[in-house]
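Asks: got a predicted structure plus its sequence, pasted below:
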Amino acid sequence: MNGRFLTGTILVLLGVGFLLQQAHVWDFSDILSNCWPLILVIVGIAQLFNRNSTSLFSGFIFIVAGILFFINNLIDINLYLYFWPLILIIAGVSFFFSRGTHRAKPISDDATNSFSIFGGQNIQVTSSDYEGGQVTAIFGGAEIDLRDAVISEQGAVLELNAVFGGVKIYVPENAKVQVSGLPIFGGCENKTRKRAITDAPLLKINYAAVFGGVEIRD
């Protein structure tokens, strides 16, 4: 599932809920205080649709965390006292599944699909017909090097999602770059040089930065 679509859907539902509360249709604040863990479950289910093993692991973690917090709201157990110890345990376990970011992993695929949580990804793309993809970092980081890639003649679209994490992208010099995004207590820093290229293929970068950051370089 597209990360930007999921983020946008959640924001729209929250907006509609608070709008109906202002119209005195229901008490959305009370509903949200009890049901907000379901957001974690939804994010987890969305991750299960991705094909890589890291996404399956992170999806399982989100679902379990959402269910635990939902149970905490139903019965008299102060799970929040155990929240940070659980986070540390999850972070520790995730290191067994992450490969680290010290050495770039060369990939010749025409599409990039990367998900990291409490860890990192360092990918060097060498595709000769690059079409884009999706990169998500949650409480972690990702570095994607496209400088050796050739953008497809039809252009490429790259979706970046940074949630309490960071994503750094190196773009090729022989491509036009178009950046747009949604910063939520986060932001994007575009450090690419101005280009006078007119007939080069277009690389569209769409980002969502939620308490996170995106950096784009040449």
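Replies: It's in.
Asks: tell me what the helix or strand encompassing residue 169 is packed against?
Replies: Using DSSP states H and E, residue 169 maps to strand 166-170. Other helices and strands packing on strand 166-170, by 3 or more C-beta pairs under 8 Å, 6 or more residues apart in numbering; DSSP states H and E, are strand 132-138, strand 141-145, strand 156-163, strand 213-217. Bear in mind the C-beta positions are built from the backbone N, C-alpha and C, glycine included.
Asks: need the ones you listed in TSV with mean pLDDT and mean neighbour count, can you?
Replies: What follows is the helices and strands packed on strand 166-170, written out as TSV (pLDDT from 0 to 100; neighbours: other C-beta atoms under 10 Å):
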stretch	mean pLDDT	mean neighbour count
strand 132-138	87	23
strand 141-145	91	21
strand 156-163	90	24
strand 213-217	91	19
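Asks: dump those to CSV, plus distance to residue 182.
Replies: Formatted as CSV, these follow (distance: least, C-beta to C-beta, whole Å):
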stretch, distance to residue 182
strand 132-138, 14
strand 141-145, 18
strand 156-163, 10
strand 213-217, 11
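Asks: so which of the ones you listed is nearest residue 22?
Replies: strand 156-163 (27.9 Å; C-beta to C-beta).
Asks: if we can go back for a sec, and after the strand holding residue 169, which helix or strand comes next?
Replies: Downstream of strand 166-170 (by DSSP H and E), the next one is strand 176-184.
Asks: neighbouring strands of that next one in the sheet, and parallel or not?
Replies: When pairing is defined by DSSP bridges, strand 176-184 lines up against strand 202-210 (parallel).
Asks: quick check: mean pLDDT across the strand it pairs with?
Replies: On average, the pLDDT along strand 202-210 is 90.
Asks: how big is the angle separating that strand from strand 156-163?
Replies: Angle of strand 202-210 versus strand 156-163, following axes from the mean of the first three to the mean of the last three C-alpha atoms, to 10 degrees, is 10 degrees.
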